[in-house]
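Undergrad: Just need the structure, nothing else, for what follows:
(one chain, ligands or ions: 1)
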Amino acid sequence: MKYNSPRGTRDLLPKESSIFRSTIKSILNTFKLFNYQELTTPIFESTGLFERAVGATTDIVEKEMYTFKDKGDRSITLRPEGTASIVRAYLQSLSSFQKQHVAKLAYVGPMFRYERPQTGRYRQFYQIGVEAIGSNSPLVDVETMVMGVAALNKLGVEKAEIAINSVGCDVCRPVIREQLKEFVGSIKKNLCDDCQNRFDQNPLRILDCKNPKCQTYFMGMPSMANALCKECNDHFICVLDQLDENDIPYTVDSNLVRGLDYYTKTVFEIRSSLLGAQNAICGGGRYDNLIEELGGRSTPAFGFAIGIDRLVMVLDQLNILPDDELDIEVICIGIGTEAQNKSFQIMQKLRAAGIKGEYYFKNKSIGDGIKQGLLLGAKFAIILGEEEIDNKLILLKDLGSKEQTHYKSIQEVVKAIKQ
Ligand code: HAM
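TA: Residues are numbered from 1 along each chain as shown. Predicted coordinates:
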């Protein structure tokens, strides 16, 4: 029986894992400049958390969650996103964060959604995200978006343009909903079954429909900005002004609603024209009601998540994949039992001195050992044969220039390699 990875999942082979790791490292370094600290939560949570946070009538909760009963008959869900878990952890350890004027939390890890797999859309995918909890200042929205753009710029993605909108608050959302229903009422019969259902249950979700045919009917939709209450409008204008002042390019997309129900006021996405249909590399916004909905005191918050799989696709297209050096510096080859043991010990000492290398486990030939070293990217080979054992010497071969030198001690070899 041969097993493959489940549909919608994939293995990240060493090269790709290394690219993922370097990408994450670079982004976390940018986040640190803005005083974010990492918080790691479990990969699964109680199902109710996501139903409550993400919204019972969203696609994620209705169709895409990996939910199962554990052996204690509890309903468990593999996290489809990170915000709900971070808010749950924030509330669970409130005393650790409460005194900070804004709790700035970062997270990274796999998320799970039972979606139809296609390029850039997986059932297990990776996100790196942030949540800034505790301030309703529009400058938090701006700072967080500035940071997202900075993280992408640092990796070399320079054309990261923000699409932004405001989805209002409890005061103006009913007006937005009515305006939308009035417009959609006349075209409703042309929309897909999901949209028909959403019309009554959660009309704003209609705008998030993934069916391209439905999207064509949404052109000419009245702008949500016109229906915002004064507070939401002032907030939105301030965010846009400050994006301008900080030279962050954006376009207002008045049909942008996002696929999760917790958003209030600002929502945004960063899209890349280098990707196909799944072109959002980052998405987020403000969620001022979620913390209270999950049992806390009314606390405003803002956050986003970057899809690492999609970001890496963009970096690949731009030919700027970051990479933790996979190559080794040195291969240690010994032929014959004594030389093998000796070169094995030398390898351990070189590693202790900070030199990355591989011991040649075969006892075939020096030539084969060098071939193996070159395959792994080695610049040097340490070779012990009969002559070296008899004379207590170590032979260091530069695999580039082919120059060979005998040394008497490991210290001398370390010095030569490091030079
Ligand atoms: P989201 O838009 O659902 O937002 O996901 C954020 C990013 O994750 C997307 O822009 C995309 O790059 C990536 N992504 C989502 N689904 C998939 C998939 N099936 N395959 C590959 N990549 C995917 C959230 O998850 C919110 N929690 C973001 C947030 C944080 N809002 C406030 N704070």
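Undergrad: Who is the residue in the stretch 101-250 of the chain positioned nearest to the ligand paired with across the strands?
TA: Nearest residue of the stretch 101-250 of the chain to the ligand: F125, at 3.4 Å (Cβ to the nearest ligand atom). In this view, the C-beta of every residue, glycine as well, is placed from N, C-alpha and C. Following DSSP bridges, F125 is listed with bridge partners M111.
Undergrad: What about it, how many residues nearby?
TA: The number of residues packed around F125, counting by other Cβ atoms under 10 Å, is 19.
Undergrad: Also L12?
TA: Count around L12 with other Cβ under 10 Å applied: 14.
Undergrad: for it, helix, strand, or coil?
TA: coil (DSSP: H, G, I helix; E, B strand; the rest coil).
Undergrad: What sits closest to it if chain neighbours are left out?
TA: If the residues on either side of it in the chain are set aside, L12 comes closest to F20, at 5.9 Å by Cβ to Cβ, 6 or more residues apart in numbering.
Undergrad: Quick check: the one you found vs the ligand, distance?
TA: 13 Å (Cβ to the nearest ligand atom, to the nearest Å).
Undergrad: and that residue, backbone torsions?
TA: F20 adopts backbone torsions of phi -60, psi -50, taken as degrees, to the nearest 10.
Undergrad: correct me, but it touches M313?
TA: No: taking contacts as Cβ atoms under 8 Å, F20 lies outside contact range of M313: 11.8 Å.
Undergrad: Find the nearest non-adjacent residue to S85, please.
TA: That would be T41: by Cβ to Cβ, 6+ apart, it lies 4.0 Å from S85.
Undergrad: The one you found: neighbouring residues, count only.
TA: A total of 19 residues lie near T41 under the criterion other Cβ under 10 Å.
Undergrad: Could you do the one 3 residues further on as well?
TA: One way to gauge burial is a neighbour count; for F44, by other Cβ under 10 Å, it gives 16.
Undergrad: May I have the beta-bridge partners of the closest residue to the ligand within the chain?
TA: Nearest to the ligand, among the residues of the chain, is G307, at 2.2 Å (Cβ to the nearest ligand atom). Beta bridges link G307 to Q127, judged by DSSP bridges.
Undergrad: Point out the residues in the stretch 1-150 of the chain that sit beside the ligand.
TA: Within the stretch 1-150 of the chain, the residues that sit near the ligand (Cβ under 6 Å from any ligand atom) are E81, G82, T83, R113, E115, G120, R121, Y122, F125, Q127, G129, E131.
Undergrad: Sitting in helices, which of these do you find?
TA: T83 (DSSP state H).
Undergrad: tell me which residues in whichever strand or helix holds S26 are buried?
TA: Taking DSSP states H and E as the criterion, S26 maps to helix 14-33. Within helix 14-33, the residues that count as buried by 16 or more other Cβ atoms under 10 Å are S18, I19, F20, S22, T23, I24, I27, T30, F31.
Undergrad: The fourth one contacts D324, doesn't it?
TA: Meaning S22. Yes: assessed by Cβ under 8 Å, S22 is found in contact with D324 at 5.1 Å.
Undergrad: what number of residues lie near N202?
TA: Neighbour tally, N202, other Cβ under 10 Å: 16.
Undergrad: Contact partners for it?
TA: Counting by Cβ atoms under 8 Å, 6 or more residues apart in numbering, N202 touches G55, T57, T58, D261.
Undergrad: Could you do A277 as well?
TA: Q118, T119, G120.
Undergrad: Give the closest residue to the last one in space, chain neighbours not counted.
TA: Sequence neighbours aside, Q278 is the residue nearest to G120 in space, at 3.6 Å (criterion: Cβ to Cβ, 6+ apart).
Undergrad: Where does that neighbour sit: helix, strand or coil?
TA: Under three-state DSSP, Q278 comes out as coil.
Undergrad: Kindly give the local confidence score, pLDDT, for it.
TA: With respect to pLDDT, Q278 scores 84.
Undergrad: Check the one 5 residues further on too.
TA: In the predicted model, G283 carries a pLDDT score of 98.
Undergrad: And R123, by the same measure?
TA: Reported pLDDT for R123: 98.
Undergrad: likewise I366?
TA: On the pLDDT scale, I366 is placed at 95.
Undergrad: Find the helix or strand that R310 is a member of.
TA: helix 308-317.
Undergrad: so for that helix, what's the average pLDDT?
TA: 96.
Undergrad: Whatever helix or strand comes next after that helix - which strands sit beside it in the sheet, and in what orientation?
TA: Downstream of helix 308-317, the first helix or strand assigned by DSSP H and E is strand 330-334. Partner strands for strand 330-334, per DSSP bridges, with pairing direction: strand 357-359 (parallel), strand 380-384 (parallel).
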